[in-house]
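Engineer: the sequence and its predicted three-dimensional model are supplied below.
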Amino acid sequence: MLGAVAAASMLILARGGVHAAPAIPDPHSVMADPDQARIDYVENCGGCHGVAGDTVPAHLPELAGRVGWFMCTPEARAYLIRLPNVAHSRIKDNAELADMMNYVVFVLGKGTAPVGTAPFTADEVARERKLALTNKNLTAERLRLANQLVQQCHAPASIRQLYITEKPGTAQ
């Protein structure tokens, strides 16, 4: 009986039915300079998204404990780099911007990135920056991707909201 339970558990895990709690990686394993990445985040993003990624209700996405889910699909992952404020960042060095985004995903995301998620690389940032989002309703695009994350990756339904305390259906 115990063998059957173990076999069933392995089958469920193999099919993605149950997700192990993601581990928060050591910042040095996903960033060349975690201190510089944090400084870059505070200077370039913290004014709107909060120093700790905990946006106050201002119709901006809250990052803390949530943003890692966007690493679950290639399209949502690319979205994070293609956002205008990221793609057109004053940080021109692609490796430095990759580190800042890895800080956002792996530190502010607080373990929400799927297990085994590869960090952003300078080459990936260089490629995706060229495809910056322009003529899109960013809130609608984020909601479209969030719906995919809920369906495909089992992200919590609250990921559809810009911030955790937002009432469902009030996102613009």
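Structural biologist: Thanks, I have it.

Engineer: what comes up buried for the longest helix along the chain?
Structural biologist: Of all the segments assigned as helix in the chain under DSSP state H, the longest by residue count is helix 138-153. The neighbour-count check on helix 138-153 (16 or more other Cβ atoms under 10 Å) flags Arg142, Leu143, Leu145, Ala146, Leu149, Val150, Cys153 as buried. Backbone N, C-alpha and C define where each C-beta goes, glycine included.

Engineer: check contacts around Phe120.
Structural biologist: Taking Cβ atoms under 8 Å, 6 or more residues apart in numbering as the criterion, Phe120 is in contact with Ile81, Ala98, Met101, Asn102, Val105.

Engineer: compare these and tell me which is most surrounded.
Structural biologist: Counting neighbours by other Cβ atoms under 10 Å, Met101 comes out on top of these with 29 neighbours.

Engineer: leaving out sequence neighbours, find the closest residue to it.
Structural biologist: Phe120 (4.9 Å; Cβ to Cβ, 6 or more residues apart in numbering).

Engineer: got any ranges where the chain has weak pLDDT?
Structural biologist: Within the chain, the stretches with pLDDT under 70 are 1-22, 55-59, 164-172.

Engineer: and the helices in it?
Structural biologist: Along the chain, counting by DSSP H, helices occupy 2-14, 27-30, 34-44, 46-49, 74-82, 84-87, 94-102, 122-129, 138-153.

Engineer: what separates the longest one from the chain centre, distance-wise?
Structural biologist: A distance of 12 Å separates the centroid of the chain from that of helix 138-153, by Cα atoms, centre = their mean, to the nearest Å.

Engineer: tilt between that helix and helix 74-82?
Structural biologist: Helix 138-153 and helix 74-82 are oriented at 150 degrees to each other (axes from the mean of the first three to the mean of the last three Cα atoms, to 10 degrees).

Engineer: and helix 138-153, what does it pack onto?
Structural biologist: Counting contacts by 3 or more Cβ pairs under 8 Å, 6 or more residues apart in numbering; DSSP states H and E, helix 138-153 is packed against helix 74-82.

Engineer: what angle separates the helix it packs on from helix 122-129?
Structural biologist: Between helix 74-82 and helix 122-129, the angle comes out at 90 degrees (the same axes, to 10 degrees).

Engineer: which other residues reach helix 74-82?
Structural biologist: Residues from elsewhere that reach helix 74-82, judged by Cβ under 8 Å, 6+ apart: 67, 69-71, 86-87, 101, 104-105, 120, 124-125, 128-129, 131-133, 141-142, 145, 148-149.
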